[in-house]
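task: produce atomic coordinates for the following.
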Amino acid sequence: MVRDPVRNSEATAAGLSAVSGAAGMADALGVREGFRDAYWRERDPIADDRLFWRAHTFRHMVHLLPGESVLELAAGDGQFTNQLFRLTQGENPITAVSFQRGAARPATLSTAVEYVALDTLPGLLDGRRFDYIIAMDVLDQRSAAWLLRHVCDLLVPGGQVIFYESDPWNVVLRLKRAVARLFGTPDPRRLLSRTRLYELLSEVGFIRVFAVFNDFVYAPLPRRLVWLLRNLSIVLENAPVVQTLAGSILLHAQLPPRTRERRTVSLAKHPTLRGAISVVVPCHNEEMNIVPLVTALTGLFDDYIHEIVLVDDNSRDGTAEVIRRLAETDSRIQLIARVPPNGVGRALMDGYRAATGQYVLSMDCDFQHLLPEFRDLFDAAAEGYDVVIGSRFSRLSVLLNYPFQKVLANRGFHLLATLLLRRGFRDLTNNLKLMRRDVLQRLPLSQPGFAVNAETGMYPVAMGLRVKEVPISWINRSPDMGSSSFKLAKVGGGYWQVLSAVSRATRFGTRLMPGLTIVPPSATDTTLATNDAGPSPRVETGSNA
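Here you go, the predicted structure:
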């Protein structure tokens, strides 16, 4: 039977007000579970899309690996469970729990999903532990502390939890609640503020807690405006003050310890890419990040790796020495020791010249947490794309705590680039790119700083090559990862130079430089020529090379 969240609000309020003891707490969760599911079915015109976005967010935030277990609390009729199972393709054991009395297994749920109806916690889950727990709209003022204590007991050490909770400061929600009270059908939920949610998670004992405002796509938004707001949502979520008007609060927390041993699993599934990938990483004062990065790379994608080229861009810490020690144990690791002047662009170009694999994977040194999602880049390369870009700004990307001025600058740059190239794309300037080496060698790269990433993104598009963007997550560096060297005011001029150069080259289909043709949007053929390699820095290889 379908419940209307408004017609049944008085009964819901009565159920929640009767919370007493463990059984009462579970009953209250069941009431909220039904209230939420009815809202999704009857009041949210894009519920399926929204839940698929959230499944992507969950996967990116925990960097899910095959075989890791997931527990969904208050799963209801399985609307989110289905989206999560669809995304994980059956690679992860999923347990879905309902707190509604007499709940029957949803007919649409895959038989591979374990479905459990509970009238208390831990109930049938007693003694079990999960790698990750996710729940939506369940944290109430009256039962949140009780639920979070049980969540702690259900997680493995180092396990993580994700919550989506309604934002009580959302203007539309406040208006709806006021109207509902006026007509005698009050919203029964006692929602918690972002600050209070953060405090509760910390008090219970979680670490690495963050609570961010999320999602500006909510009813009564007309469906024709959904994609416009979805595109703007990333900007608004990172905008000071405005972000408090979001529809949801996204919570993440981890059970101690901070680091945990994850299962060993190979994500190298494409025979055509075996031994074909040269990884190029510019390093400047990255002493603390190099070993975790190389360890994770070789653990997940060892069969793909032809070599790992680590470019020390005149670091002042022990970066070079760490790389030398790694090279002694693995002949595929190369140290390129640069001499001044410094520059990310210079470091990348030196690394590109040294690369000898069929493909070149370009990445930053602090990307180690994103590695499970790199499989999406390799999937696209196996499909035949010339360049694959990890996009921070796609509709399925996760962008948290990104400096707002960088968001505006990035979106402004891509608006101009889109108008210039007359092609649709979202994030050409990220350094996370997988490129065919023969394509990379022919790009006219010249920028000494971060703007080289605009060149490696814009030139392939302008040349008519096959370029694909895949969604990734971007979460600001944690203290144990050091600090970024990107300074907007310092590097902005380089991006304008790239726009200017591509503008001159694309005007009337003129040539950018001898041997390299920029293809107008209507053209399909591409002519490429080799770029001047220039001088090379000192290269050190592993002891067995």
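
test my guess that residue 366 contacts residue 290.
No - when contacts are counted by CB atoms under 8 Å, residue 366 is not listed as touching residue 290 (10.3 Å). Placement of C-beta: from N, CA and C, glycine included.

show me what counts as buried in stretch 316-325.
Of the residues in stretch 316-325, those buried under the neighbour-count criterion (16 or more other CB atoms under 10 Å) are 319, 320, 322, 323, 324.

contacts only, for the first one.
Right, residue 319. 283, 284, 285, 286, 287, 290, 312 (CB atoms under 8 Å, 6 or more residues apart in numbering).

filter the residues you listed to the buried ones?
By 16+ other CB under 10 Å, the contacts of residue 319 give 283, 284, 285, 286, 287, 290, 312 as buried.

hang on, residue 207 packs against residue 252?
No - in this structure residue 207 lies outside contact range of residue 252 using CB under 8 Å: 10.8 Å.

looking at the two, which is more packed in?
Taking other CB atoms under 10 Å, residue 207 and residue 252 do not tie; residue 252 has more neighbours (21 against 13).

how far is the helix or strand containing the more buried one from where the chain is centred?
Using DSSP states H and E, residue 252 falls within strand 248-254. Remark: strand 248-254 is offset 14 Å from the chain centroid, using CA atoms, centre = their mean, to the nearest Å.

adjacent strands (with direction) for the following helix or strand past it?
The C-terminal neighbour of strand 248-254 among helices and strands, as given by DSSP H and E, is strand 277-283. Note on strand 277-283: by DSSP bridges, its sheet partners are strand 305-312 (parallel), strand 359-362 (parallel).

turn those strands into a markdown table, including distance to residue 48.
What follows is the strands paired with strand 277-283, written out as a markdown table (distance: least, CB to CB, whole Å):
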| stretch | distance to residue 48 |
| --- | --- |
| strand 305-312 | 38 |
| strand 359-362 | 34 |
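
ok, which of those comes nearest residue 182?
Of all the strands paired with strand 277-283, the one in closest proximity to residue 182, counting by CB to CB, is strand 359-362 (57.7 Å).

ok, now which ones touch the residue nearest the centre of the chain?
Per CA atoms, centre = their mean, the C-alpha nearest to the average position across the chain is that of residue 473, at 1.9 Å. The neighbourhood of residue 473, defined by CB under 8 Å, 6+ apart, consists of 60, 61, 63, 370, 373, 392, 397, 398, 399, 400.

state the distance from it to residue 433.
16 Å (CB to CB, to the nearest Å).

out of the helices and strands in this protein, which is least certain?
helix 9-17 (a mean of 44; mean pLDDT, DSSP states H and E).

CA atoms only for the helix or strand following that one - export them in PDB, please.
Using DSSP H and E, the helix or strand that follows helix 9-17 towards the C-terminus is helix 21-43. Output of helix 21-43 as PDB, limited to C-alpha atoms (Å, rounded to 0.1, in the frame of the first residue of the first chain):
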ATOM      1  CA  GLY A  21      13.200   1.600  24.000                       C
ATOM      2  CA  ALA A  22      15.000  -0.300  21.200                       C
ATOM      3  CA  ALA A  23      11.800  -1.500  19.600                       C
ATOM      4  CA  GLY A  24      10.300   2.000  19.700                       C
ATOM      5  CA  MET A  25      13.400   3.400  18.100                       C
ATOM      6  CA  ALA A  26      13.200   0.800  15.300                       C
ATOM      7  CA  ASP A  27       9.500   1.500  14.800                       C
ATOM      8  CA  ALA A  28      10.300   5.200  14.500                       C
ATOM      9  CA  LEU A  29      12.800   4.400  11.800                       C
ATOM     10  CA  GLY A  30      10.200   2.400  10.000                       C
ATOM     11  CA  VAL A  31       7.800   5.300  10.100                       C
ATOM     12  CA  ARG A  32      10.400   7.700   8.600                       C
ATOM     13  CA  GLU A  33      11.400   5.000   6.100                       C
ATOM     14  CA  GLY A  34       7.800   4.800   4.800                       C
ATOM     15  CA  PHE A  35       7.300   8.500   4.800                       C
ATOM     16  CA  ARG A  36      10.500   9.000   2.700                       C
ATOM     17  CA  ASP A  37       9.600   6.200   0.200                       C
ATOM     18  CA  ALA A  38       6.100   7.700  -0.300                       C
ATOM     19  CA  TYR A  39       7.600  11.100  -1.000                       C
ATOM     20  CA  TRP A  40      10.000   9.600  -3.600                       C
ATOM     21  CA  ARG A  41       7.200   7.800  -5.300                       C
ATOM     22  CA  GLU A  42       4.600  10.500  -5.300                       C
ATOM     23  CA  ARG A  43       6.300  13.900  -5.000                       C
END
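
and helix 21-43, what does it pack onto?
The contact analysis (3 or more CB pairs under 8 Å, 6 or more residues apart in numbering; DSSP states H and E) places helix 21-43 against helix 9-17, helix 47-62, helix 79-88, helix 144-154.

pLDDT of that helix, averaged?
Here helix 21-43 scores 88 as its mean pLDDT.

ditto for stretch 334-346
95.

now it: how far from the chain's centre is it?
Computed by CA atoms, centre = their mean, the chain-centroid distance of stretch 334-346 equals 29 Å.

and it, what's buried?
Residues of stretch 334-346 classed as buried: 334, 335, 336, 337, 338, 342, 343, 344, 345, 346 (neighbour count, 16+ other CB under 10 Å).

now swap in stretch 275-283 and tell me
In stretch 275-283, counting by 16+ other CB under 10 Å, buried: 276, 277, 278, 279, 280, 281, 282, 283.

how about the nearest residue to residue 256, chain neighbours excluded?
The spatial neighbour of residue 256 that comes closest, neighbours along the chain excluded (CB to CB, 6 or more residues apart in numbering), is residue 207 at 5.5 Å.

cheers, nothing more for now.
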